[in-house]
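>>> predicted model follows, preceded by the sequence.
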Amino acid sequence: MPAVGHEAPGESLEETVCRVCGQDDGTLLRDGYGVPLYVICDCCGIESGLGDDHLSKVRETRGYWVADGARWDVPSRRPENWDLLEQLSHIPAEWR
Ligand SMILES: [Zn+2]
(Lines give C-alpha, C1' and ligand atoms only; values in the text may rest on other atoms or scores of the structure.)
Protein backbone atom coordinates (compact mmCIF):
# COMPACT_ATOMS: atom_id res chain seq x y z
CA MET A 1 0.00 0.00 0.00
CA PRO A 2 1.47 3.40 -0.95
CA ALA A 3 2.11 5.87 1.83
CA VAL A 4 -0.26 8.81 1.76
CA GLY A 5 0.90 12.31 2.64
CA HIS A 6 2.81 12.74 5.87
CA GLU A 7 0.70 10.35 7.91
CA ALA A 8 2.11 7.15 9.28
CA PRO A 9 0.91 4.11 7.36
CA GLY A 10 -2.35 2.85 8.70
CA GLU A 11 -3.01 5.98 10.73
CA SER A 12 -6.51 7.25 10.17
CA LEU A 13 -7.75 10.68 11.12
CA GLU A 14 -11.39 9.65 10.92
CA GLU A 15 -13.65 11.31 13.47
CA THR A 16 -17.15 10.33 14.49
CA VAL A 17 -17.26 12.15 17.84
CA CYS A 18 -18.50 15.73 17.78
CA ARG A 19 -15.75 18.05 19.03
CA VAL A 20 -18.25 20.41 20.60
CA CYS A 21 -20.72 18.14 22.38
CA GLY A 22 -19.25 14.63 22.26
CA GLN A 23 -22.16 13.06 20.42
CA ASP A 24 -21.22 9.95 18.46
CA ASP A 25 -23.83 8.14 16.39
CA GLY A 26 -21.23 6.59 14.09
CA THR A 27 -21.63 9.23 11.37
CA LEU A 28 -18.26 10.14 9.86
CA LEU A 29 -17.51 13.83 10.56
CA ARG A 30 -13.96 13.81 9.15
CA ASP A 31 -12.51 11.30 6.75
CA GLY A 32 -9.32 9.29 7.12
CA TYR A 33 -7.27 12.31 6.02
CA GLY A 34 -8.90 14.59 8.57
CA VAL A 35 -10.90 16.39 5.87
CA PRO A 36 -14.17 17.71 7.31
CA LEU A 37 -17.32 16.29 5.71
CA TYR A 38 -19.55 19.20 6.75
CA VAL A 39 -22.00 17.08 8.70
CA ILE A 40 -24.36 18.94 11.01
CA CYS A 41 -24.47 17.46 14.51
CA ASP A 42 -28.00 16.41 15.52
CA CYS A 43 -27.20 17.37 19.06
CA CYS A 44 -25.38 20.73 19.23
CA GLY A 45 -26.00 21.74 15.61
CA ILE A 46 -22.39 22.49 14.78
CA GLU A 47 -21.17 21.58 11.29
CA SER A 48 -17.87 19.68 11.06
CA GLY A 49 -15.36 21.92 9.32
CA LEU A 50 -17.25 25.09 10.20
CA GLY A 51 -16.58 26.46 13.64
CA ASP A 52 -14.87 23.39 15.05
CA ASP A 53 -11.36 23.88 13.66
CA HIS A 54 -9.92 25.79 16.61
CA LEU A 55 -9.95 24.83 20.27
CA SER A 56 -10.94 28.31 21.42
CA LYS A 57 -13.91 28.33 19.04
CA VAL A 58 -14.94 24.79 20.04
CA ARG A 59 -14.86 25.75 23.73
CA GLU A 60 -16.76 28.97 23.10
CA THR A 61 -19.43 27.20 21.05
CA ARG A 62 -19.78 24.47 23.69
CA GLY A 63 -20.07 27.07 26.43
CA TYR A 64 -22.89 28.92 24.69
CA TRP A 65 -24.64 25.68 23.80
CA VAL A 66 -24.58 24.35 27.37
CA ALA A 67 -25.50 27.74 28.84
CA ASP A 68 -28.48 27.81 26.50
CA GLY A 69 -29.76 24.54 27.91
CA ALA A 70 -27.84 22.07 25.73
CA ARG A 71 -30.79 21.80 23.38
CA TRP A 72 -30.76 19.22 20.61
CA ASP A 73 -30.69 20.63 17.10
CA VAL A 74 -32.87 17.69 16.07
CA PRO A 75 -34.99 17.07 19.19
CA SER A 76 -36.41 13.80 17.84
CA ARG A 77 -32.89 12.33 17.86
CA ARG A 78 -32.45 12.90 21.58
CA PRO A 79 -32.31 9.56 23.47
CA GLU A 80 -34.93 9.13 26.18
CA ASN A 81 -32.46 8.86 29.05
CA TRP A 82 -29.87 11.19 27.54
CA ASP A 83 -27.16 12.31 29.94
CA LEU A 84 -25.37 15.54 29.01
CA LEU A 85 -22.41 15.03 31.34
CA GLU A 86 -21.96 11.45 30.21
CA GLN A 87 -21.90 12.61 26.58
CA LEU A 88 -19.48 15.47 27.29
CA SER A 89 -17.07 12.90 28.74
CA HIS A 90 -16.69 11.45 25.23
CA ILE A 91 -15.23 14.67 23.81
CA PRO A 92 -11.73 13.85 22.57
CA ALA A 93 -9.09 15.03 25.07
CA GLU A 94 -7.58 17.54 22.63
CA TRP A 95 -10.94 19.32 22.25
CA ARG A 96 -11.88 19.64 25.91
ZN1 LIG B 1 -22.32 18.14 18.55
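Arrived safely, thanks for sending.

>>> quick one: residues contacting the residue most central in space within the chain.
Centroid-nearest residue in the chain, with Cα atoms, centre = their mean: C18, separated by 1.3 Å. The contact partners of C18, taken as Cβ atoms under 8 Å, 6 or more residues apart in numbering, are 24, 29, 41, 43-44, 46, 48, 52, 91. Backbone N, C-alpha and C define where each C-beta goes, glycine included.

>>> need those residues in TSV with secondary structure, distance to the ion and pLDDT, can you?
Shown next, in TSV, are the contacts of C18 (DSSP: H, G, I helix; E, B strand; the rest coil; distance: Cβ to the ion, whole Å; pLDDT from 0 to 100):
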residue	secondary structure	distance to the ion	pLDDT
D24	coil	9	97
L29	coil	9	97
C41	coil	3	98
C43	coil	4	98
C44	coil	3	98
I46	coil	5	97
S48	coil	9	97
D52	coil	8	95
I91	coil	9	98
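
>>> so how do I select the buried members of those residues in ChimeraX?
In ChimeraX, this line selects whichever of the contacts of C18 come out buried by 16 or more other Cβ atoms under 10 Å:
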select :24,29,41,43,44,46,48,52,91
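
>>> closest to L84 among the contacts of C18?
C43 (9.5 Å; Cβ to Cβ).

>>> and this structure, which of its residues are near the ion?
18, 20-21, 23, 41, 43-44 (Cβ under 5 Å from the ion).

>>> any stretches of this structure with poor pLDDT?
1-9 (pLDDT under 70).

>>> please enumerate the helices of it.
55-67, 84-88 (DSSP state H).

>>> list the buried residues of the shortest one.
For helix 84-88, the buried set under the neighbour-count rule, 16+ other Cβ under 10 Å, comprises 87-88.
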